[in-house]
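> With the sequence up front, the predicted model follows.
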Amino acid sequence: MSNQIERCYIFQSSSKTSKSVVSTKTVVPFDNEEDDVNSEQWRSQPKHIFILSEAGKPIYSRHGSEDKLVTIMGVMQALVSFVGDSNDSLRCMIAGDHKFVFLVRDHLLLVGVTNCMDSTHQLLLQLTYVYNQVISVLTHSTLCKIFKQRRNYDLRRMLSGAEKFFDNLLNLMDSEPGFLLTAVRCLPLDYSIREIIAQSIVQHAKIKDLVFGLIITNNQLITLVRIKKYYLHPMDLHLIMNLVNASESFKTAESWTPLCLPKFDQSGFLQAHISYLDDSCETCLLLLTVDRESFFTLSECKNKIKERLLKYNALRAISDSLKRNAYGIQQCGINDLRHFLYKSKSTAQYTSPELEAPYVTQAEKDRLFGLYKYLHHRIHSAARPLKILFHVGAYETLLGWVTAGFELYAVFGPLVTKTSAIHAVNKLLRWIKREEERLFILNSVTF
Amino acid sequence: MSVSDQQSKSLEAKVVVLGSQGVGKTSVVIRYVGGMFSKAVSPTIGASFFTYKLSLDNYRVKLQVWDTAGQERFRSMAPMYYRKANAAMLLYDITSPDSFYDIKDWVKELKKNVDYPIIMCLLGNKCDLDSGRKVSIEEAEEYAQSIGALFFEVSALKNTGKYILPCLMD
């Protein structure tokens, strides 16, 4: 039996000593000859993400250039294989105020390093997303084939042009709570309008081999139509949103591109017809099929869908909703409630109000997100999972509540009592119930 | 050459644009189809599809243009786009010899996989960067002749060179 014990290796002093060793070299932080490791700017980044091959070859680094990080990636590979040699696996390492989290997957080693609020589990989730992004670009079978042929292959060749997907994904994960919750946000729309939009896809894109048809805007889902027996996992949906969000190229013309959705089928590509429905390039239609020859059929479908959406003023409704922003916290009418995240578990969707004062500066936004990460971590702690948590912090009071149906994370002013917080949350749940047709896609539409 | 409707016949032609990454395939297509140069062209994902209508010698021509991605990972998808194409635009960057040598692989692939006469047109892009030229006109001309392709140098930035029209004379 393999001896997979979760172990934390703690090197309390290592970060301090390494700092003092290299400090003499940091006189010229941007010297091209130097390794990135020695640059103060590189060292002060709050979160690093690395991808390397099993053989220790650099594939991606969020900050700096991989070529100048060969040594440090070699060290990471050595650490993992050293622990691996004793039939154990290296999961996490803590050095000073930095946390190192390792994820070993087929042929790839992913490492996350941070001094932020992220828990080990949360970092692992982010690394899993990054791994899925690699699969989404290459497929799992291609990845295996490449490394079977040449263990020493420089995967950057195959990923060239895909770096922006990783960069964008990591930036999204640092600000968008959907990844933390594994849930997507829907654009608020009247039920009847959403129904018209969904039906326009059902009616005009009922094509053999079409698996999913969806419309997204600004990282929010407008509608999703699927074949009855297949589901689109929120992680796959996030990768689709990231693809659209990170690529300017779809704005020039209709595109036809292979796309692998790892949760759906990691061994093969779907073929995606991607186009924008409006001139301002905000509303994006994706038609995903297994038929590689159906571009022109789908292009016609797109024209018909667009026509129908124009006829029923649905595109106007979408852009109005986008302009209006989601909703402010005052609309919920609850005193002292500053912000919240609500995830409906059965639909894997979440809703939250716009960020308002005091969470307007980047620092404050980051701090709020840090609070959510903390709350999420405490509630989902593997050692002691909680159903409800009331936490009084220096600047705000937090309440987390998880049931079979939902997860709720609420942020109050600092002086709220437990009783009034519970009372407020109950009131909030009633408000969400009243608004749910607008905030969520409740019935899943199939072809 | 305005042509009255009764006289003109219509014609459809499929064109595929191939070449290494960063040589300017999308820029050339946008220059041709949209008549402009955009600095902010980002790498194509998969392939983009453009249509362009023009009149030429009594013909109303509708061009269907596949602008493919140059990155290696999309290489295996190429047949999907060049199959059934009437013409292939083979684009290289005159400042990058590698992009010129890559054309030879494309030509080999086309000859192997396309079993009907496909019009090939070799295009050296970025001819505004003459000071950084690494591929000479003579070398490219000679190569184009050897594979029976047309040859032009163009610049998407400066809008020089007319290249698609002659291909359709057939």
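Yep, that arrived. Numbering: from 1, shown residues only, chains lettered A, B, ... in the order given.

> only C-alpha atoms for contact and neighbour calcs from this point on.
OK.

> Can you give me the pLDDT of residue 34?
All of this is about chain A. Looking at A:Glu34, its pLDDT is 65.

> Chain B was what I was after
Value listed for B:Gly34 in the pLDDT field: 81.

> now swap in A:Gly178 and tell me
Confidence score, pLDDT, at A:Gly178: 97.

> So it: helix, strand or coil?
helix (DSSP: H, G, I helix; E, B strand; the rest coil).

> which residues does the closest residue to it other than its chain neighbours contact?
Spatial nearest neighbour of A:Gly178, chain neighbours left out: A:Val184 (5.4 Å); criterion: CA to CA, 6 or more residues apart in numbering or on different chains. Shown in contact with A:Val184 (CA atoms under 8 Å, 6 or more residues apart in numbering or on different chains): A:178, A:220-221, A:234, A:237-238, A:348-350.

> other SSEs contacting the helix or strand harbouring A:Val202?
If you go by DSSP states H and E, A:Val202 is part of helix A:191-204. For helix A:191-204, the elements it packs on are strand A:220-226, helix A:295-311, helix A:314-324, judged by 3 or more CA pairs under 8 Å, 6 or more residues apart in numbering or on different chains; DSSP states H and E.

> could you give the angle of the helix or strand that that helix is followed by to strand A:220-226?
Downstream of helix A:191-204, the first helix or strand assigned by DSSP H and E is strand A:210-217. Counting by axes from the mean of the first three to the mean of the last three CA atoms, to 10 degrees, strand A:210-217 lies at 170 degrees to strand A:220-226.

> what mean pLDDT does strand A:210-217 have?
Mean predicted lDDT for strand A:210-217 stands at 96.

> Could you list the contact residues of chain B toward chain A?
Within chain B, the residues that sit near chain A (CA under 8 Å from any CA of the partner chain) are B:41-50, B:71-73, B:80.

> Let's see that with 10 Å instead.
For chain B, the residues in contact with chain A (CA under 10 Å from any CA of the partner chain) are B:21, B:26, B:30, B:34, B:40-51, B:66-75, B:77, B:80-81.

> Just the ones of the residues you listed in strands?
B:47-51, B:66-68 (DSSP state E).

> my read: A:Arg105 touches A:Tyr131, true?
Yes: between A:Arg105 and A:Tyr131 a contact is recorded at 8.0 Å, counting by CA atoms under 10 Å.

> Check chain A and tell me which residue is nearest its centre.
A:Phe179 (3.8 Å; CA atoms, centre = their mean).

> How is chain A divided into domains?
Domain segmentation of chain A under automatic domain parsing yields A:8-174, A:185-324, A:329-439.

> OK, contacts around A:Tyr372?
A:117-118, A:177, A:180, A:340-341, A:366, A:378, A:398-400, A:409-411 (CA atoms under 10 Å, 6 or more residues apart in numbering or on different chains).

> re the thing from before, B:Asp115 is nearest to which of the domains of chain A?
The closest of the domains of chain A to B:Asp115 is domain A:185-324. By CA to CA, the value is 19.0 Å.

> Could I have the buried ones of the residues of chain B next to chain A as ChimeraX selection syntax?
Buried members of the residues of chain B next to chain A can be picked out in ChimeraX with the line below, counting by 16 or more other CA atoms under 10 Å in any protein chain shown:
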select /B:21,26,30,42,43,44,45,46,47,48,49,50,66,67,68,69,70,71,73,74,77,81
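
> Can you classify B:Leu54 as helix, strand or coil?
strand.

> Without its sequence neighbours, what residue ends up closest to it?
Closest to B:Leu54 by CA to CA, 6+ apart is B:Val61, at 5.2 Å.

> do A:Leu337 as well
A:Phe412 (4.6 Å).

> partner residues bridging the one you found?
Counting by DSSP bridges, A:Phe412 is bridged to A:Leu337, A:Thr397.

> right, and it touches A:Leu399 too?
Yes: judged on CA under 10 Å, A:Phe412 makes contact with A:Leu399 at a distance of 8.0 Å.

> For these two, list the residues in contact with both.
A:340, A:392, A:421.

> Buried ones from those residues, can you make that a PyMOL selection?
Selection of buried members from the shared contacts of A:Phe412 and A:Leu399 for PyMOL, criterion 16+ other CA under 10 Å:
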select buried, chain A and resi 340+392+421
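
> quick one: which of the shared contacts of A:Phe412 and A:Leu399 sit in helices?
A:Ala421 (DSSP state H).

> low-confidence ranges in the chain?
If you meant another chain, say so; for now it's chain A. A:1-34 (pLDDT under 70).

> Sorry, I should have been clearer: chain B.
B:1-8, B:161-170.

> and the longest helix for chain B?
Per DSSP H, chain B has its longest helix at helix B:97-113.

> Which other helices and strands does the next helix or strand after it contact?
Using DSSP H and E, the next helix or strand after helix B:97-113 towards the C-terminus is strand B:119-125. Applying 3 or more CA pairs under 10 Å, 6 or more residues apart in numbering or on different chains; DSSP states H and E, one finds that strand B:119-125 contacts strand B:9-19, helix B:25-34, strand B:87-93, helix B:97-113, helix B:137-146, strand B:150-153, helix B:164-167.

> Would you tell me which one of those is buried the most?
Comparing the helices and strands packed on strand B:119-125 by mean neighbour count (mean count of other CA atoms under 10 Å in any protein chain shown), strand B:87-93 ranks first with a mean of 25.

> That one pairs with which strands, parallel or anti?
strand B:9-19 (parallel), strand B:119-125 (parallel).

> Tabulate those in a markdown table, adding columns for distance to B:Lys108.
What follows is the strands paired with strand B:87-93, written out as a markdown table (distance: least, CA to CA, whole Å):
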| stretch | distance to B:Lys108 |
| --- | --- |
| strand B:9-19 | 13 |
| strand B:119-125 | 12 |
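
> need the contact list for A:Ser381.
A:119, A:121, A:375 are the contacts of A:Ser381 under CA under 10 Å, 6+ apart.

> swap in A:Phe264?
A:230-233, A:235-236, A:270.

> just the residues you listed now: which is nearest A:Ser141?
Using CA to CA, the contacts of A:Phe264 come closest to A:Ser141 at A:Leu270, 13.8 Å.

> Check the gap between the closest one and A:Val104 for me.
26 Å (CA to CA, to the nearest Å).

> More neighbours: which of those two?
A:Leu270 (22 against 19; other CA atoms under 10 Å in any protein chain shown).

> Identify the bridge partners of that one.
Bridge pairing for A:Leu270 - DSSP bridges - gives A:Leu259.

> A:Ile216 too?
Beta-bridge pairing of A:Ile216 under DSSP bridges involves A:Leu221, A:Cys284.

> so what's it up against?
A:186-187, A:222-224, A:237, A:240-241, A:244-245, A:276, A:282-286.

> try A:Asp278
A:284, A:306, A:310, A:315-316, A:319.

> again, only using 8 Å
Shown in contact with A:Asp278 (CA under 8 Å, 6+ apart): A:Leu315.

> do the same with A:Ile196
A:309, A:312, A:314.

> okay but A:Met173 is in contact with A:Thr182, surely?
No: judged on CA atoms under 8 Å, A:Met173 makes no contact with A:Thr182 at a distance of 10.9 Å.

> Settle it for me: which of the two has more neighbours?
A:Thr182 (18 against 15).

> just to revisit the earlier point, give me the distance from the helix holding A:Val202 to the chain's centre.
For helix A:191-204, the separation from the chain centroid amounts to 27 Å (computed by CA atoms, centre = their mean, to the nearest Å).
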